[in-house]
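*Asks:* could you look at this predicted model? Sequence included:
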Amino acid sequence: MEKFPLKGSREAAAEGNSYITAYQTVMKKSNGHTNGGASGDGDNNFEGNFRDHPLAQHSKLTTSLTAGAGTDEEDMIDITPRSSPGDVIGGGGSSSGYHRETATESDTERDFGQSGNHHNQRTMHQHHHQHVPTHSAFGDPMDGALSFYGSSDVQDDIPGIGQYEDFHTIDWQRDIARDRMRHRYIVKKRQDSLWDLIKGSIDAGSGWLCVLLVGIAAGCVAGMVDIGASWMSDLKHGICPPAFWFNREQCCYPAKQSVFEEGNCSTWKTWPEIFGLDRNGTGPYIVAYIWYVLWALLFAALSASLVRMFAPYACGSGIPEIKTILSGFIIRGYLGKWTLLIKSVGLMLSVSAGLTLGKEGPMVHIASCIGNIFSHLFPKYGRNEAKKREILSAAAAAGVSVAFGAPIGGVLFSLEEVSYYFPLKTLWRSFFCALIAAFVLRSLTPFGNEHSVLFFVEYNKPWIFFELIPFVFLGIMGGVIGTLFIKANLWWCRYRKFSKLGQYPVMEVLFVTLVTGIICYPNPFTRMNMNELIFLLVSKCSPGDVTNPLCEYKRINITMGNSIIEVTEPGPGVYSSIWLLMLTFILKLALTIFTFGMKVPAGLFIPSLLLGAIMGRIVGIGVEQFAYSYPNIWFFTGECADSNLITPGLYAVVGAAAVLGGVTRMTVSLVVIMFELTGGVRYIVPLMAAAMASKWVGDALGRQGIYDAHIALNGYPFLDSKEEFAHTTLAADVMQPKRNETLNVITQDSMTVDDVENMLKETEHNGYPVVVSRENQYLVGFVLRRDLNLAIGNAKRLIEGINSSSIVLFTSTQPTQNLGPQPLKLKKILDMAPITVTDQTPMETVVDMFRKLGLRQTLVTHNGRLLGVITKKDVLRHVKQMDNEDPNTVLFN
């Protein structure tokens, strides 16, 4: 990080690949090139440990793109010096007075493979607005003093000031203060004219308008993904000659024929029939087998190649990264338009390939991409990272809403599982966004029935009290299976990361697809689409149902007391199906372990629901036969007077919730999603019992859910607000540097430009405390490294008389004797109200401050004198060290 980009195009990679160069910088820092001091980045001596890190893929692919940085004067940021400190540079028409392009304008400008496309930035500085009022704790705001750094017009002085570098944590307090300043300015301006009143009203409603657009777009994209995935999945089995764009259900729809009655659907042609063979027989079976595997390999190869070439961020489910981003981390390009496009197309392809993955988790990533893109239409959100996360939280709710047809569950999922900062207005907007998204998706009817939910069931039998025992048992088993899956998947992901396997992602995808296709085709349960299989498992058996092999029952009458009741006895089809389901369970569990984490879009919700539904259906059949064999046991007395009350499909629903809860550790949102998913509102209590048992057992066997485990595996700086810090250390034990090391500081009025630049070159800290003098280290404020680079580079080019010998001033007063060159005044970029703690502050309090205030760093003082700095990375490493884990796994700050 020797120098930050100071050109209009941000060296060569700013537009397309700024996150690549930032990642390379982070990797260099993690290889031991730090100087122990202010920011506490520490030393990470990992040679090549993270070549398979999701953020590392870009540096391998695009090194050549970042090599040729242009140095022409035409490309440099050109800023006309302002005539007064009150002038705000920007274009006309921005109600906030913040109308300007910044050097880190948006995630959508960072997409993979884009070349620089900003217009010449010289044109941005030909218009002036009136002064934005500022609040200062240090006198007249015209002298540049700031109570909260970034809460005035200083970020319009120099494009890029007040923004963030890639792979850095945002400062929630600064961004919220900026928004409050902007809001106060707009409220004051409303009284000036009718136009200002209109602009203020538009600004006030921009949040609702933004989430409305996000909901509409998320519903449309989800509908296209569902329709495309359904068509391509059926393409592996055959085609509809009258209209090749129809899937099997649409092709057979005029005759109302079930998808399981292939032989009776004359319109749909299997691949053997296309080649002139019969539908049944050994030869047609082999032909169908080969076409099934070939189509699967083609779809998987396309998906993996698209992800590798155009959007490496589009792999996986995206939920661990979304959680990290919503906690305040910057990953440029992760929510960009290229990621959105490739994730959507790749998701259809990977689901159609028959891999053991779902499309529900990636829908959260897709909706978040949509939220990020639309937020840049509104400067209130696009230029304020903290405010943008309110839109992203609503978008995440819309993602779950369109994935399951569960808008309320989506809101609760965003609140419980994903979001870090969730004020009440974000709850309302999330609800509205999820509602709009579900409505749009319902208009497109991708689920193909009259209901908007994915697995609608019509149970009319109440559950009996005795059934709570098997329901809790399902919850316990769900917690055990979830924990086993997490541990096995993490082991495989670590092996992939540190072995040569990680260097061949496309080959890995093709191999897993080949194995999946060969193993899954012979078993009819593993061959069919996972959504169809879950629907079979949760369905209620009705009299005369011959399409579902799980419903082959013999109906007989037995005498109970003075009445005759009808009961069902399983036929041979049920028993053979149970054995096939057990085999399906083992295969799907093993394949999911190896599939989740590959470089294709892959979700985990549907595989988890499937595993639980298989387990639940088998247990349900067992309980049903127990009640059939012993109807006179005391806890069945009076319950079975009319008919057999045991419903195996209900057990499948409860089991699905139990395993999904064991994998993700969700509770409230899980229960709501499940009853919205199935329409079974009367079964909330069984779902709650299974979800709580699953979470208790899972937490007892392993602390983290799958998403938190992958966050830790990737080294993201996520400080979980659900966990408690129970240790007795002090701030002095954690701060950097230690007491016997040198603290890198900047003095307020005695260092030259050359001194500051040398410090920037010799150290790689993200910010520096400003003190009165080296001898008298009383704290004045805090300045960010990025802002120093931009301000000094801008001043050297635009202000005459500034050179390497100029004194850098962070005060309002001129030096008494200044015989040298003109001084450089940088008080405007100084945060004069940094968060500070004393060296005796308990780390429990410090950790709470980082969690609840969203801090990037806090300064440590003793009797008013500066001692050191604690950054978010220092806190995360300390927490891991206290928990006897490897602290060096935390990569970013």
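*Replies:* Perfect, I can see it now.
*Asks:* what residue lies at the spatial centre of the chain?
*Replies:* residue 322 (1.6 Å; CA atoms, centre = their mean).
*Asks:* that one and residue 665, how far apart?
*Replies:* 16 Å (CB to CB, to the nearest Å). Where you see a C-beta, it was placed from the backbone N, CA and C, and this is true even at glycine.
*Asks:* repeat for residue 795
*Replies:* In terms of CB to CB, residue 795 sits 51 Å off from residue 665.
*Asks:* more neighbours, the two?
*Replies:* residue 665 (27 against 21; other CB atoms under 10 Å).
*Asks:* neighbours of the nearest residue to the more buried one once chain neighbours are set aside, how many?
*Replies:* Setting aside the residues directly before and after it, residue 665 is nearest to residue 705 in space (CB to CB, 6 or more residues apart in numbering), at 3.6 Å. Around residue 705 there are 23 other residues, counting by other CB under 10 Å.
*Asks:* residue 705 touches residue 661, doesn't it?
*Replies:* No - at 9.2 Å, residue 705 does not count as touching residue 661 under the criterion of CB atoms under 8 Å.
*Asks:* mutual contacts of the two, please.
*Replies:* residue 698 (CB atoms under 8 Å, 6 or more residues apart in numbering).
*Asks:* now the helices for the stretch 101-250 of the chain?
*Replies:* For the stretch 101-250 of the chain, the helices defined by DSSP state H, counting those that start in this stretch cover 172-189, 194-235, 248-252.
*Asks:* tabulate these (CSV), appending distance to residue 490, mean neighbour count and mean pLDDT.
*Replies:* What follows is the helices of the stretch 101-250 of the chain, written out as CSV (distance: least, CB to CB, whole Å; neighbours: other CB atoms under 10 Å; pLDDT from 0 to 100):
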stretch, distance to residue 490, mean neighbour count, mean pLDDT
helix 172-189, 30, 19, 89
helix 194-235, 28, 20, 91
helix 248-252, 38, 21, 79
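*Asks:* and of those, who's closest to residue 444?
*Replies:* Comparison of the helices of the stretch 101-250 of the chain against residue 444 by CB to CB identifies helix 194-235 as nearest, at 3.5 Å.
*Asks:* give me the angle between that closest one and helix 172-189.
*Replies:* 130 degrees (axes from the mean of the first three to the mean of the last three CA atoms, to 10 degrees).
*Asks:* mind checking how far residue 353 is from residue 505?
*Replies:* Taken as CB to CB, the span from residue 353 to residue 505 is 15 Å.
*Asks:* those two - which one has more neighbours?
*Replies:* Neighbour comparison, residue 353 and residue 505: the larger count goes to residue 353, with 28 against 21 (by other CB under 10 Å).
*Asks:* the more buried one contacts residue 514, correct?
*Replies:* No - using CB under 8 Å, residue 353 is not in contact with residue 514, being 10.3 Å away.
*Asks:* what touches both of the two?
*Replies:* 296-297.
*Asks:* so who does residue 854 touch?
*Replies:* Residue 854 neighbours (CB under 8 Å, 6+ apart): 170-173, 328, 386, 420-421.
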